[in-house]
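1. Show me how the following folds:
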Amino acid sequence: MTTRIDKRFADLAKEGRAALVTFLMSGDPDYETSLAVIKALPKAGADLIEFGMPFTDPMADGPSVQAAGLRALKAGQTLKKTLAMVRAFRDGDDATPIVLMGYYNPIYVYGVAQFLADAKAAGVDGLIIVDLPPEEDDELCLPALKAGLNFIRLATPTTDDKRLPAVLANTSGFVYYVSITGITGSAVPDSTAVAAAVGRIKRHTKLPVAVGFGVKNAATATAIAKSSDGVVVGSALVDVLLRSLDANGKATANTVSAVAGLVSELAEGVRSARRLK
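-> From the prediction side, this is the model:
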């Protein structure tokens, strides 16, 4: 079964360029604004959208993404509302892949079978669940694959050749390479080291490899796009959204355009790399 994710990466491979993968927290700063932002992303240049599922104990998230999750929870965001946002997005866009990213606890509480059925019906294409290792594949990964959803796994600088086959065993859609050790948004990746790491992962899999953590601007996006199949940007977008809010943390007339503007710059950077390959 070919998913939207598979098709998008295949199409971009034919174009000879990397994908721009954008991450934002669902429900940040409120439901309506969050929906308006994600609806603006494809036109601004996003090729895939990662949508965070807010959670009270986000262990892998840096301060920016943690704060975004807390803003969303405070505004009343739930997993059901996140799925409703995906459905609303799909009313106007049936092509852009959407990946839900987060932690297992909200899905466990929701009920795995019900969640997978509802996610698939809403138009979700894949999942990134950062706290479920390959040893726990029976919990969610295998049921997700059976339901027709991609299950995307993270590889890191500390994932050695001995561990990599286990990480890749049931991964589908793409591999998300975390370019730095630590939390999101904490440092700038070394493009030479990233190129070597992507090459090593590709010796183990035919899946596309997208690189994230630490990409903040068009220049970094260009450098990473030269050696990868995708560039993931999250904290920088969350930060620009935050800066657009008023003193009370509420959306302003500039919120959607501020995020879309940075996405356009990043997209230009990613697309320029195709000429350098």
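
2. remind me, longest helix of this structure?
-> Scanning the chain for the longest helix, with DSSP state H as the assignment, gives helix 255-272.

3. Residues in contact with that helix: which ones?
-> 17-20, 22, 24, 29, 33, 36-37, 40-41, 43-46, 215, 217-222, 225, 231, 233, 236-237, 240-241, 243-245 (Cβ atoms under 8 Å, 6 or more residues apart in numbering). Where C-beta positions appear, they are placed from N, C-alpha and C, glycine not excepted.

4. next one: stretch 155-175
-> So stretch 155-175 is in contact with 3, 5-6, 9, 99, 125-126, 134-135, 137, 141-142, 145, 150-154, 176-181, 193, 197, 200-201, 204-205, 207-210, 229-230, going by Cβ under 8 Å, 6+ apart.

5. I would like a PyMOL command selecting only the buried ones among those residues, please.
-> Command for PyMOL that selects the buried part of those, burial taken from 16 or more other Cβ atoms under 10 Å:
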select buried, resi 3+5+6+9+99+125+126+137+141+145+150+151+152+153+154+176+177+178+179+180+197+200+201+205+207+208+209+210+229+230
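
6. the helices in the stretch 151-277 of the chain, which residues?
-> For the stretch 151-277 of the chain, helices defined by DSSP state H, counting those that start in this stretch occupy the ranges 164-168, 191-202, 218-225, 235-244, 255-272.

7. Backbone dihedrals for residue 51, both of them.
-> Reported as degrees, to the nearest 10, the phi and psi values for residue 51 are phi -120, psi 120.

8. Return the set of residues that bridge with it.
-> With DSSP bridges as the criterion, residue 51 is bridged to residue 24, residue 100.

9. Go ahead and confirm it touches residue 88.
-> No - look at residue 51 against residue 88 with Cβ atoms under 8 Å: they stay out of range, at 12.0 Å.

10. These two: who's more crowded?
-> residue 51 (23 against 15; other Cβ atoms under 10 Å).

11. And the more buried one, how close does it get to residue 26?
-> Residue 51 sits 5 Å away from residue 26, going by Cβ to Cβ, to the nearest Å.

12. so what's in contact with these two at the same time?
-> Common neighbours of residue 51 and residue 26, counting by Cβ under 8 Å, 6+ apart, are 82, 85.

13. ok, for the spatially most central residue of the chain, nearest residue in space, not its chain neighbours?
-> With distances taken as Cα atoms, centre = their mean, the chain has residue 50 as the residue nearest its mean C-alpha position (3.1 Å). Nearest non-adjacent residue to residue 50, counting by Cβ to Cβ, 6 or more residues apart in numbering: residue 23, 4.1 Å away.

14. Would you show me how to pick out the buried ones of the contacts of helix 255-272 in PyMOL?
-> Buried residues within the contacts of helix 255-272, by 16+ other Cβ under 10 Å, are selected in PyMOL with:
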select buried, resi 17+18+19+20+22+24+29+33+37+40+41+44+45+46+215+218+220+221+222+225+231+233+236+237+240+241+244+245
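
15. Any idea what residue 231 is bridged to?
-> residue 20, residue 211.

16. Specify the angle between the longest helix of the chain and helix 218-225 in degrees.
-> Helix 255-272 and helix 218-225 are oriented at 50 degrees to each other (axes from the mean of the first three to the mean of the last three Cα atoms, to 10 degrees).
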